[in-house]
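J.: Task: produce atomic coordinates for the following.
(3 chains)
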Amino acid sequence: MTTAVRKKLSANDVGTTGGHQAGILVPKEKQVLSFFPDLDKTVKNPRMKLVVFERESRERWEFNFIYYNNRLFGEGTRNEYRLTGMTKFMRAIDAKVDDILVFSRDENASFEVEIIRASTSSSLQIDGDTLVLGGGWTVIHSS
DNA sequence: AGCCATGCACCG
DNA sequence: CGGTGCATGGCT
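T.: Purely as a prediction, here's the structure:
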């Protein structure tokens, strides 16, 4: 069983909006969260290093999976999951708005990322149960 | 809910 | 001193 999540990239995701870091927002839907490692919600802003291999080049990257949750502690307004530290990666693969990032993982294997260019995204194949969520996210379970 | 933005710290 | 990342708030 392989699980994959796809995210259509926004301008902020690829780092072209003037923000100080490229990175993407991860929705709190269970289907997406369960794909990523568990973070301890009883501590403030838990984070985890995510080792990811690019599918084509086999290059190794490290992203951060963080749960900004200061709201739960009455110290702020945040209650969201984010993937950060992706600036160099986005540049290296020349990610553009509307390109799609695919994260996949099988059983206990390490994470993989693949980019699908906007120009070819119409050829996206669906070979399992797919679940389309908001924010440009799609979850795929396939065997 | 999702995307955009920024003050400050740190590091080359 | 310019770029990057952390943690946070803002805008729609």
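
J.: buried sites along the host helix or strand of residue A:3?
T.: Element membership of residue A:3, judged by DSSP states H and E, is strand A:2-8. Across strand A:2-8, burial judged by 16 or more other Cβ atoms under 10 Å covers A:3-8. (C-beta placed from N, C-alpha, C; glycine too.)

J.: so which of those also contact DNA strand B?
T.: residue A:8 (Cβ under 7 Å from any atom of the strand).

J.: Just checking: the least confident one among the buried residues of strand A:2-8 is which?
T.: Taken together, these show their lowest pLDDT at residue A:3, with 91.

J.: Specify which member of the buried residues of strand A:2-8 is nearest to residue A:108.
T.: Residue A:108 has its nearest neighbour among the buried residues of strand A:2-8 in residue A:3, at 12.1 Å by Cβ to Cβ.

J.: my guess is that closest one meets residue A:104, correct?
T.: Yes. The criterion here is Cβ atoms under 8 Å, and residue A:3 meets it with residue A:104 at 7.1 Å.

J.: counting contacts, what elements does the longest helix seen in chain A pack onto?
T.: For chain A, the helix with the greatest residue count under DSSP state H is helix A:87-92. If you count contacts as 3 or more Cβ pairs under 8 Å, 6 or more residues apart in numbering; DSSP states H and E, helix A:87-92 packs onto strand A:60-68.
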